[in-house]
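1. got a predicted structure here, sequence first:
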Amino acid sequence: MPEARGRPNDAVVQKARRSDNPSGPISPDKSRGGRGGLHRARSSGARAGNAPLYAALDLGTNNCRLLIARPEERGFRVVDAYSRIVRLGEGVGSNRKLSDAAMDRAIDALAQCHRKLADRGVSRSRLIATEACRAAENGDDFIDRVKSETGLALEVVNRETEARLAVAGCASLVDLDADGVILFDIGGGSSEIVWLDLRNRCGARGYALTRFIRSWISLPVGVVNLAERHGGVHVTPDIFEAMVEDAANHLAAFSLAHNLTEAISSGRVHMLGTSGTVTTLAGVHLGLKRYDRRRVDGTWLADGDVARMIDQLRDMPYEARVENPCIGADRADLVLAGCAILEAIRRRWTCSRLRVADRGLREGILTELMAADGVWSNRRSGHRHHRSRQRNEP
């Protein structure tokens, strides 16, 4: 695909198709699987004189996504991307195992990713798997099968790491004047919520905001397992409320919840959402005839707009959801489960504004890898260039 300019956390990716209870402080990564997950591919495809290529792969409960980028002076340029719905976590909530069909779908997608990594000559990458592999009894066996059949060493990250990567991937969308942010990532099998307490940020922004994580929680509910429990095709108001209650029951474990409520009362705390749920709501709100990431990413929604969009989707028949260009057949049976999780969060903590992020774990991985390698600290000389409307600095 054509190269797209970006900065840390602001990789401009063309979406080919719409698819999409521990708590505590963030600490260094403790993960399993994949023999480390930091993958160095042979660089036969790299051209001399170019900066090295980095890659981030996120195998989630619902999607398999890959991003390949090259660092630039104050960010990175996306050179390739891949996304496919695989529904790896289908049925895991009920039988605790990855099905053969789901694993086959994921293996096929991962083989495509391996080809891209090899063709591009990626120098450094991190390849992660999340909730489906964490929860499934045969998750480790699947990781071994992936290594055997595709050559990819996947790292099964814990929920804490997933929360931190979400912050790293979206931090550049935080309002510069905000005293706090409720960042949430509604996934397929789990949903992460992070409180960034920015009252003493002292001008920090971008990736540096990962130091201001005050509290976090990972809910064991996502769009796939919630829809499987309650149904996602024909959703009555009673079914929707049951899904909201299901998600809300897990919010009680959020540490410092009362402190967060007090911080919100100041009026300078906003929400920041990264998931197919919020990007869908934004696309519908904007009346897009075709999903356009450039218009959705960074969009601000007032709380009243969010409420109206949730009501609109809840009242939309399944067939209408399938026909909607911002939802489609792949997400029509999942989007209301995502709306229910968002509604549970909104009812617990109400903020006047929500910012939409069409970015997340992959951008967070790329930012962390490049920052660890010092690519920007080594290049901070010469002129500053404004390559995008949204500044995202390491």
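-> Right, received. Where do you want to start?

2. and the residue lying closest to S99 once chain neighbours are set aside, how many neighbours does it have?
-> Closest residue to S99 apart from its sequence neighbours, by C-beta to C-beta, 6 or more residues apart in numbering: G91 at 5.4 Å. Heads up, the C-betas are built off the backbone N, CA and C, glycines and all. Using other C-beta atoms under 10 Å, G91 has 17 other residues around it.

3. please name the bridge partners of the closest residue to C170 other than its chain neighbours.
-> Nearest residue to C170, sequence neighbours excluded (C-beta to C-beta, 6+ apart): A357, at 4.5 Å. According to DSSP bridges, the residues that bridge with A357 are T274.

4. ok, A357 touching L173?
-> Yes. Using C-beta atoms under 8 Å, A357 is in contact with L173, at 5.3 Å.

5. what's the overlap in contacts for the two?
-> 272, 297-298 (C-beta atoms under 8 Å, 6 or more residues apart in numbering).

6. tell me which of those fall in strands.
-> Mapping those onto strands (DSSP state E) picks out L272.

7. closest one of the shared contacts of A357 and L173 to K97?
-> L272 (34.3 Å; C-beta to C-beta).

8. so that closest one touches L183, yeah?
-> Yes. With contact defined as C-beta under 8 Å, L272 counts as touching L183 (4.6 Å).

9. for stretch 231-245, measure first residue to last.
-> The straight-line separation of the ends of stretch 231-245 (C-alpha to C-alpha, to the nearest Å) is 14 Å.

10. kindly report the same for stretch 125-138.
-> 25 Å.

11. can you name the residues that contact L152?
-> Shown in contact with L152 (C-beta under 8 Å, 6+ apart): 39, 57, 110, 113-114, 117, 127, 146.

12. now those in a markdown table, with secondary structure and distance to E162?
-> As requested, those are arranged in a markdown table below (DSSP: H, G, I helix; E, B strand; the rest coil; distance: C-beta to C-beta, whole Å):
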| residue | secondary structure | distance to E162 |
| --- | --- | --- |
| H39 | strand | 18 |
| L57 | strand | 14 |
| L110 | helix | 19 |
| C113 | helix | 19 |
| H114 | helix | 23 |
| L117 | helix | 22 |
| L127 | strand | 14 |
| V146 | helix | 19 |
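
13. among the residues you listed, which pair sits farthest apart?
-> The most distant members of those, if one measures by C-beta to C-beta, are L117 and V146, lying 13.3 Å apart.

14. so where do the strands sit in the stretch 251-394 of the chain?
-> Using DSSP state E, counting those that start in this stretch, the strands of the stretch 251-394 of the chain run over residues 269-274, 300-302, 353-357.

15. buried residues in the shortest one?
-> Read it as strand 300-302. Neighbour-count burial for strand 300-302, counted by 16 or more other C-beta atoms under 10 Å, picks out L301.

16. give me the helices and strands touching that strand, please.
-> In terms of contacts (3 or more C-beta pairs under 8 Å, 6 or more residues apart in numbering; DSSP states H and E), strand 300-302 is packed against helix 276-286, strand 353-357.

17. looking at those, which is closest to S377?
-> Judged by C-beta to C-beta, the one of the helices and strands packed on strand 300-302 that comes nearest to S377 is strand 353-357, at 25.4 Å.

18. quick one: contacts of that closest one?
-> Contacts for strand 353-357 (C-beta under 8 Å, 6+ apart): 169-170, 173, 175, 270-274, 278-279, 281-282, 296-303, 306.

19. avg pLDDT for stretch 334-348?
-> For stretch 334-348, mean pLDDT rounds to 96.

20. revised request: answer the last question for stretch 351-370.
-> 95.

21. cool, and stretch 208-224?
-> Stretch 208-224 comes out at a mean pLDDT of 93.

22. try stretch 59-66
-> When pLDDT is averaged over stretch 59-66, the result is 95.

23. end-to-end on it?
-> Using C-alpha to C-alpha, first and last residues of stretch 59-66 are 9 Å apart.

24. same deal with stretch 284-292?
-> End-to-end distance (C-alpha to C-alpha), stretch 284-292: 11 Å.

25. got the CA coordinates for the helix or strand hosting D119 in PDB?
-> Using DSSP states H and E, D119 maps to helix 100-120. Taking Å, rounded to 0.1, in the frame of the first residue of the first chain, the C-alpha atoms of helix 100-120 are listed here in PDB:
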ATOM      1  CA  ASP A 100     -10.200 -25.500  15.300                       C
ATOM      2  CA  ALA A 101     -12.000 -23.300  12.900                       C
ATOM      3  CA  ALA A 102     -11.000 -20.100  14.700                       C
ATOM      4  CA  MET A 103      -7.400 -21.200  15.000                       C
ATOM      5  CA  ASP A 104      -7.300 -22.000  11.200                       C
ATOM      6  CA  ARG A 105      -8.600 -18.500  10.400                       C
ATOM      7  CA  ALA A 106      -6.000 -16.900  12.600                       C
ATOM      8  CA  ILE A 107      -3.200 -19.000  11.200                       C
ATOM      9  CA  ASP A 108      -4.100 -18.000   7.700                       C
ATOM     10  CA  ALA A 109      -4.100 -14.300   8.700                       C
ATOM     11  CA  LEU A 110      -0.800 -14.700  10.500                       C
ATOM     12  CA  ALA A 111       0.800 -16.400   7.500                       C
ATOM     13  CA  GLN A 112      -0.200 -13.300   5.400                       C
ATOM     14  CA  CYS A 113       1.500 -11.100   8.100                       C
ATOM     15  CA  HIS A 114       4.600 -13.200   8.000                       C
ATOM     16  CA  ARG A 115       4.900 -12.700   4.200                       C
ATOM     17  CA  LYS A 116       4.600  -8.900   4.700                       C
ATOM     18  CA  LEU A 117       7.200  -8.900   7.400                       C
ATOM     19  CA  ALA A 118       9.600 -10.900   5.200                       C
ATOM     20  CA  ASP A 119       8.900  -8.900   2.000                       C
ATOM     21  CA  ARG A 120       9.400  -5.600   3.800                       C
END
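
26. fine by me, we can end here.
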